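*Asks:* can you look at this prediction? I've put the sequence above it.
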Amino acid sequence: MKKLSKTAKILGILMIVLIMGTVFVSISYSSKGSELLMIEREIAQVERENRDIKTKVIKETSLTKLTEAVDELELIKPEETAVVYLSFEQFDLSYAKSN
């Protein structure tokens, strides 16, 4: 059996190190790809939920929905003379400051 020269041994070790490095980088990139895919799916889910919430807010605050609630609760529109405006000057709040 022929002995390998020192240069051949160094080149062989270098090739093994380069192959191992390439495998490591490939595995690293593939795991990053799966992480990216999971994040993209999570973003899509949150965007769907956000869209659903916006739609629900629009429906719940629509004039029709509010009118239905007014009718259901039997609320009436107050007359101009029935509204009484109060100001803080009308009340003695000194007891509240002492507590």
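*Replies:* Great, that's in hand. Since the model is a prediction, treat every value here as computed from it, not as a measurement.

*Asks:* kindly list the longest helix within the chain.
*Replies:* When the chain is parsed with DSSP state H, its longest helix is helix 6-60.

*Asks:* between helix 6-60 and whichever helix or strand comes after that helix, find me the angle.
*Replies:* Counting by DSSP states H and E, the next helix or strand C-terminal to helix 6-60 is helix 63-72. Our comparison of helix 63-72 with helix 6-60, counting by axes from the mean of the first three to the mean of the last three CA atoms, to 10 degrees, yields an angle of 50 degrees.

*Asks:* give me the contacts around helix 63-72.
*Replies:* Applying CB atoms under 8 Å, 6 or more residues apart in numbering, the contact partners of helix 63-72 are residue 59. Bear in mind the C-beta positions are built from the backbone N, C-alpha and C, glycine included.

*Asks:* off-centre distance for it?
*Replies:* Relative to its parent chain, helix 63-72 has a centroid offset of 32 Å by CA atoms, centre = their mean, to the nearest Å.

*Asks:* what are the C-alpha coordinates of that helix, in CSV please?
*Replies:* Output in CSV follows, covering the C-alpha atoms of helix 63-72 (Å, rounded to 0.1, in the frame of the first residue of the first chain):
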residue,chain,number,x,y,z
LEU,A,63,-76.9,52.4,12.6
THR,A,64,-79.3,49.6,12.0
LYS,A,65,-77.9,47.6,14.9
LEU,A,66,-78.0,50.6,17.2
THR,A,67,-81.6,51.4,16.2
GLU,A,68,-82.6,47.8,17.0
ALA,A,69,-81.0,48.1,20.4
VAL,A,70,-82.8,51.4,21.1
ASP,A,71,-86.1,49.7,20.1
GLU,A,72,-85.3,46.6,22.2
